[in-house]
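>>> Provide a 3D model corresponding to the input given below.
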Amino acid sequence: MSLVDFGYQRILRPALFRINPEWVHEWVLGNLRWARLCEPLLRKIFCLPHPKMQQTIWNYTFQSPIGLAGGLDKNAVCADIWELFGFGFLEIGTLTPHPQIGNPKPRLFRYPEMEAIVNRMGFNNDGSEIIANRLAMEWKRKRQPHAIMGVSVGKQKETPADDIQAVIRDYKTSLKRLYPFGDFFVVNVSSPNTPDLRSLQDRKPLRQLLFALKDEMFALHGGEHPKPLCVKLA
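Numbering: from 1, shown residues only. Model prediction:
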């Protein structure tokens, strides 16, 4: 066991597991900006570039097949940091048009005996407008991620899932705001923590939603081939 593994497994992890998991989540994100001060050391420990690890997909070269899933850095507060830990790509979000506080706390639960963690967050996020402004400021400071970045978008909790035009407006609003920043986009219709969201996986509403978003992406891309669009299914 390396010194880093020992310090994490025997000291840091047991200490963090004694604290509320959502508080730890926010604390880690709030302090991760300091990681830039240790960039050479972090790259030496976590970044192991090798041609066999690289993959070219959608005309993007992924340096590693390991990515950071949506939900950890949903508000893109550390988007330029994750590459230092060896991630080849990351996903911010899921984002909604307006800020959303999510479900009541507690909503994040550890199951150590199963080596698992379960969340019932409910799309809590700062809203796509605030996050677009945040990324614009970071880009201006030359702090954009070198890892491929995806953006996950979803509907507002209050938007009725059976009002497909309102649903489409929600997804299109966030898509338009974040289009300059994302390398690919993810349509989240899978979360069990937003009422009736999974009904959008039915054939008719899903086709309407995806065709509307693809049309919007072609328009945003000047009629040329747009950025990749993925779908997150249950």
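
>>> so the closest residue to Ser152 other than its chain neighbours, which of the three states?
Excluding its sequence neighbours, the residue lying closest to Ser152 (CB to CB, 6 or more residues apart in numbering) is Gly93, at 3.3 Å. (Each C-beta comes from the backbone N, C-alpha and C, glycine too.) Here Gly93 is recorded as strand under DSSP: H, G, I helix; E, B strand; the rest coil.

>>> And for Ser199?
helix.

>>> So which residues of the chain form strands?
55-57, 60-62, 67-68, 89-95, 108-111, 116-119, 148-153, 184-188, 229-232 (DSSP state E).

>>> got the angle for the longest one vs strand 148-153?
This means strand 89-95. In terms of direction (axes from the mean of the first three to the mean of the last three CA atoms, to 10 degrees), strand 89-95 departs from strand 148-153 by 20 degrees.

>>> pull the CA atoms of the lowest-mean-pLDDT helix or strand in the chain into PDB?
For the chain, the helix or strand with the lowest mean confidence is helix 3-6, at a mean of 80 (criterion: mean pLDDT, DSSP states H and E). Extracted in PDB, the C-alpha atoms of helix 3-6 (Å, rounded to 0.1, in the frame of the first residue of the first chain):
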ATOM      1  CA  LEU A   3       1.700   6.300   1.400                       C
ATOM      2  CA  VAL A   4      -1.200   8.000  -0.500                       C
ATOM      3  CA  ASP A   5      -3.400   4.900  -0.200                       C
ATOM      4  CA  PHE A   6      -2.500   4.500   3.500                       C
END
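
>>> Figure out how far that helix is from the centre of its chain.
Counting by CA atoms, centre = their mean, to the nearest Å, helix 3-6 is centred 28 Å from the centre of its parent chain.

>>> what's that helix in contact with?
Helix 3-6 is contacted by residues Ile45 when judged by CB atoms under 8 Å, 6 or more residues apart in numbering.

>>> For this protein, which residues score under the pLDDT cut-off?
Scanning the chain with the threshold set as pLDDT under 70 gives 1.

>>> Helices along that one, start to end?
3-6, 13-16, 21-31, 39-46, 128-140, 164-178, 203-220 (DSSP state H).
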